[in-house]
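Engineer: 3D, please:
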Amino acid sequence: MGIYIRGFSIDWQEIDRDSYLRQIEAIRDLDALQFRKPITFFVGENGSGKSTLLEAIAITYGFNPEGGTRNYHFSTKDTHSELCGAIRLVRNPARARRGYFLRAESFYNVATAEEEYAEVSREYHRKSHGESFLAVVQDNFKGNGIYLLDEPEAALSPQRQLTLMLEMVHCARENAQFIVVTHSPILLGMPDSEILSFDSGTIHPIEYEETESYRITEMFLRNRHGFLKRLLDENDDA
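Structural biologist: Below is the predicted model of the structure:
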């Protein structure tokens, strides 16, 4: 089973006492975390610390903060937190042969860097955002690798999200590990994965049907007109 990052611990003495990290509920009391499945999802409301933690894990592992492989070294603007200096990864003795850090917000920069770093030009900028995003996955994601994804659904249609799911499943079957931040009820439905919620002030495992992504989507699809009427009525009364 390909779990190359088994978990991590955080040395809070390395974090400034005035750091905003100490204000993030799900993170501020976190001392350690274990990964038990080849595919782990981080879920939670905006601002709950999901991307901050994923970014810190990625940088500590050796990835470029804006994305790419561990061989990528470029910076458009340094915005990462000091958390990466406080995290201590627990690694599997067996090393991953490849890896990629892919984040929706800086994908344009990664696609540009690909023209410099890739052995064969893929011309990602000639494709649509979603097509180029998925092409990066299909060109770079293989077995025996570790892949960290930050909100990949932002670039993908529902159909392409299913394509990404298949790519992830195939790679996981060939000893790849994924840690993914997502709000997608499609991706979260992936079998044999673990979902970690950042809501309620702690990081804790939850079932697919307990995620806000699933619950709100289900309510909307079951009774769209009633859902919207209630929502709009509440807004008018505010």
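
Engineer: quick one: the spatially closest residue to G62 that is not a sequence neighbour from F101, how far?
Structural biologist: Nearest residue to G62 in three dimensions, chain neighbours excluded: R70, at 4.5 Å (Cβ to Cβ, 6 or more residues apart in numbering). To be clear about C-beta, it is placed using only N, CA and C from the backbone, and glycine gets the same treatment. The gap separating R70 from F101 is 9 Å, by Cβ to Cβ, to the nearest Å.

Engineer: between those two, who's got more neighbours?
Structural biologist: F101 (28 against 16; other Cβ atoms under 10 Å).

Engineer: angles on the backbone of the more buried one, please.
Structural biologist: phi -110, psi 120 (degrees, to the nearest 10).

Engineer: which residues does the residue nearest to it when sequence neighbours are not counted contact?
Structural biologist: Counting by Cβ to Cβ, 6+ apart, F63 is the residue found nearest to F101 once chain neighbours are left out, at 3.8 Å. Applying Cβ atoms under 8 Å, 6 or more residues apart in numbering, we find F63 in contact with T69, R70, Y72, G99, Y100, F101, L148.

Engineer: would you report the backbone torsion angles of F63?
Structural biologist: Dihedral angles (degrees, to the nearest 10) for F63: phi -80, psi 150.

Engineer: what do you get for L134?
Structural biologist: phi -70, psi -30.

Engineer: who touches both of R70 and F101?
Structural biologist: With Cβ under 8 Å, 6+ apart as the test, R70 and F101 both reach F63, N64.

Engineer: setting the sequence-adjacent residues aside, check what's closest to N92.
Structural biologist: Take N92 and drop its neighbours on the chain: the residue closest to it by Cβ to Cβ, 6+ apart is Y4, 4.9 Å away.

Engineer: now do the contacts for the one you found.
Structural biologist: So Y4 contacts R91, N92, A94, R95, A96, I146, Q177 (Cβ under 8 Å, 6+ apart).

Engineer: closest to I57 out of these?
Structural biologist: I146 (9.9 Å; Cβ to Cβ).

Engineer: tell me if the closest one really is in a helix.
Structural biologist: No. Under DSSP: H, G, I helix; E, B strand; the rest coil, I146 falls outside any helix and is assigned strand.

Engineer: distance of it from F63?
Structural biologist: The value you get for I146 to F63, if Cβ to Cβ is used, is 9 Å.

Engineer: shared neighbours of the two, anything?
Structural biologist: Joint contacts of I146 and F63 (Cβ under 8 Å, 6+ apart) are G99.

Engineer: which helix or strand in the protein has the lowest average pLDDT?
Structural biologist: helix 107-117 (a mean of 59; mean pLDDT, DSSP states H and E).

Engineer: look up how far R224 lies from N46.
Structural biologist: From N46 to R224 the distance is 23 Å (Cβ to Cβ).

Engineer: show the contacting residues for the residue nearest to G62.
Structural biologist: Y61, G62, F63, N64, G99.

Engineer: equivalent analysis for L188, please.
Structural biologist: Taking Cβ under 8 Å, 6+ apart, we find L188 in contact with F41, V43, T182, I195, Y208, T211, S213, Y214.

Engineer: thank you kindly, that will do.
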